[in-house]
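Chemist: Sequence first, then the predicted structure:
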Amino acid sequence: MKTKGFIFDLDGVIVDTAKYHFLAWKKLANSLDISFSEAENEQLKGVSRVKSLEKILSWGNKTISEDTFNRLMAEKNEDYLGHISKMDEDEILPDVPRVLNLLKKEKQLISLGSASKNARTILERVSLNTCFDAIVDGNDVSKAKPDPEVFLIAAKQLGIAPKNCIVFEDSIAGVEAANVANMISVGIGSEDVLGHAQHIFKDFTEISDEFIKALIER
Ligand code: BG6
Ligand code: MG
């Protein structure tokens, strides 16, 4: 039997935390008189906390001191953690457990590959912290997506060659990172946004057991 490495992004793939990032960034942007809509939010998906704030400030043509920058990042994260603290297993996205269980049953290797420094906290909240063979998150990387670093570290920790890894991603930057890493990219979301993914599904309910088994066998 073949063993592949299945790498999952967290926010927007395993759990619907994208909506909490949106709420927290919107609150921050509006407090600086910078408008912030879903379209802007799309560009922040998969992007690190620092880079996200830099982008918001550039959209609003604002320059701030380093101290203010750090304070705003801390405030955004506190706000975000407030939402996270209320999460439980119900917030795991539909059919994610089915796919994870199938991969376990098929003895495949599974890693998290997330930009978030809150990844471990979130996995604990939704009781998925013991599910992964490797966890690579924002604390382990020096280069943010679209740099492939996070996925390449995950592949290394699993002991699987990049070409035998499959990445599930909901962000433009993340799909790009998977492609650059020479992995199979599976976009979770809309075709308009993730057209550069090798496979695209609206969500995991559209991913059949047969599709997963074909990925294992290829
Ligand atoms: C990514 C999210 O997974 O993690 C981004 O898509 C977020 O929106 C990034 O900015 C960093 O997350 P955190 O939790 O460390 O601020
Ligand atoms: Mg994501």
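Modeler: Right, received. Where do you want to start? Ligands and ions are numbered 1, 2, ... in the order given.
Chemist: what's the distance between Ala24 and Asp90?
Modeler: 20 Å (CB to CB, to the nearest Å). Quick note: C-beta positions are derived from backbone N, CA and C, even for glycine.
Chemist: Of those two, which one has the most company?
Modeler: Taking neighbours as other CB atoms under 10 Å, Ala24 and Asp90 compare with Ala24 leading, 21 against 6.
Chemist: Please point out which parts of the top helix by length along the chain sit buried.
Modeler: Looking across the chain with DSSP state H, the single longest helix is helix 66-84. Across helix 66-84, burial judged by 16 or more other CB atoms under 10 Å covers 72, 76, 79-80, 84.
Chemist: and the lowest-mean-pLDDT helix or strand in the chain, how far from the chain's centre?
Modeler: The weakest-scoring helix or strand in the chain, judged by mean pLDDT, DSSP states H and E, is helix 38-44 (a mean of 91). The chain centroid and the centroid of helix 38-44 are separated by 14 Å, computed with CA atoms, centre = their mean, to the nearest Å.
Chemist: close to ligand 1, is the helix or strand following it?
Modeler: Scanning forward in sequence from helix 38-44 by DSSP states H and E, the next helix or strand is helix 49-59. Yes - shown here: helix 49-59 in contact with ligand 1 (CB under 6 Å from any ligand atom) through 49, 52.
Chemist: can you give me the strands for this protein?
Modeler: Ranges of strands in the chain, per DSSP state E, are 5-8, 109-113, 134-136, 165-169, 184-188, 199-201.
Chemist: for those strands, which one sits closest to ligand 2?
Modeler: For those, the distance to ligand 2 is smallest for strand 165-169, at 6.4 Å, taking CB to the ion.
Chemist: what's next to that closest one, contact-wise?
Modeler: With contacts defined as CB atoms under 8 Å, 6 or more residues apart in numbering, strand 165-169 is touched by 4-9, 13, 46, 113, 151, 154-155, 158, 174-175, 177-178, 181, 183-188, 194, 197, 215.
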